[in-house]
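**Q** Task: produce atomic coordinates for the following.
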Amino acid sequence: MEKEEKEIMPTTWDIARVRAELTTAFEENSEQKLLSVLKDNSFLFYELYSRKYGIQPVFREINFGGELRCDFAWLNDNSDGPEWVLVEVEKPKMKLFTQKNEPTSELNHAIEQVKSWERYFDENPSEKKRIFGAVARFRFILIVGDKESWETNFASKWRIHNNKKTGIEIRTSDVFWRALKVLEQHPEEFWSFAEHPKTMPPSELQKYWSSYDYIMDHWRKIID
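**A** So this is what the prediction gives:
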């Protein structure tokens, strides 16, 4: 059975095409090209899921507050309440720090974007329920820069401190390459992602949670 899964599962996604598109996005340091390949290949979020089986689908381009938008979001339907993961994706090789070891304006702007989401939902709690059905908590992820850029002692310490101070989980763009590698070596691990091979449009979000008993039968009734 395992052999059969390894032969079948990779055909869900065009691995060669994904590799080529990822390579182009990284070589051109293109946020838009990276977003494009992520949009059509849900498995690339593998490392960002807290559990890998029985996953909920990824939604893209969720707008709120008029001018705010997160690139991707999904639900962790935990037993202790719905956790919504909101993801911001930036340039894969963004310059992170100046020669004086200060965050670049681009990095500061990216962090501020994610902070603005938290502020918005704190100030507009009813919007959480309208958009996501029910929210016990958010998990905020910012994907910016590559592994090499974050590996210096200064950058590593800065990221630890920032994650603790802001509650924003900063991850490197290499998470997508690692997901591709795992798929090639262990395709049987991706059966749950194969059920939702592409990200879903924002227009499907309300339909999704309003038909999900986990949200409607319990949590939506008790969380304001």
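
**Q** ok, and what's touching the longest strand seen in the chain?
**A** As assigned by DSSP state E, the longest strand anywhere in the chain is strand 68-78. Strand 68-78 is contacted by residues 35, 38, 45, 49-51, 55-63, 82-89, 116-117, 120, 132, 136, 139, 199, 205, 209, 212, 214-215 when judged by C-beta atoms under 8 Å, 6 or more residues apart in numbering. The C-beta positions use only the backbone N, C-alpha and C, and glycine is treated the same way.

**Q** Who are the packing partners of the helix or strand that it is followed by?
**A** Using DSSP states H and E, the helix or strand that follows strand 68-78 towards the C-terminus is strand 81-89. Packed against strand 81-89 by the contact rule (3 or more C-beta pairs under 8 Å, 6 or more residues apart in numbering; DSSP states H and E) you find helix 31-39, strand 68-78, helix 105-123, strand 137-143.

**Q** need these in CSV with distance to Lys165 and mean pLDDT, can you?
**A** Below are the helices and strands packed on strand 81-89 laid out as CSV (distance: least, C-beta to C-beta, whole Å; pLDDT from 0 to 100):
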stretch, distance to Lys165, mean pLDDT
helix 31-39, 25, 98
strand 68-78, 21, 96
helix 105-123, 10, 95
strand 137-143, 13, 97
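
**Q** Which among those is found nearest to Ala155?
**A** For those, proximity to Ala155 was assessed by C-beta to C-beta; helix 105-123 is nearest, at 10.3 Å.

**Q** List the buried residues of the closest one.
**A** Leu107, Ala110, Ile111, Gln113, Val114, Trp117, Tyr120, Phe121 (16 or more other C-beta atoms under 10 Å).

**Q** Look up how far Ser210 lies from the nearest residue to the second one once chain neighbours are set aside.
**A** Counting by C-beta to C-beta, 6 or more residues apart in numbering, Glu90 is the residue found nearest to Ala110 once chain neighbours are left out, at 4.9 Å. Taken as C-beta to C-beta, to the nearest Å, the spacing of Glu90 relative to Ser210 amounts to 32 Å.

**Q** Show me which of those two is the more surrounded one.
**A** Glu90 (22 against 11; other C-beta atoms under 10 Å).

**Q** Trp117 is in contact with Phe140, isn't it?
**A** Yes - between Trp117 and Phe140 a contact is recorded at 6.9 Å, counting by C-beta atoms under 8 Å.

**Q** what touches both of the two?
**A** Shared contacts of Trp117 and Phe140 (C-beta under 8 Å, 6+ apart): Leu86.

**Q** so where's the chain uncertain?
**A** Counting by pLDDT under 70, the chain shows low-confidence ranges at 1-11.

**Q** now do 80
**A** 1-11, 224 (pLDDT under 80).

**Q** Check it and tell me which residue is nearest its centre.
**A** Relative to the mean C-alpha position of the chain, the nearest C-alpha, by C-alpha atoms, centre = their mean, is the one of Val87, at 4.0 Å.
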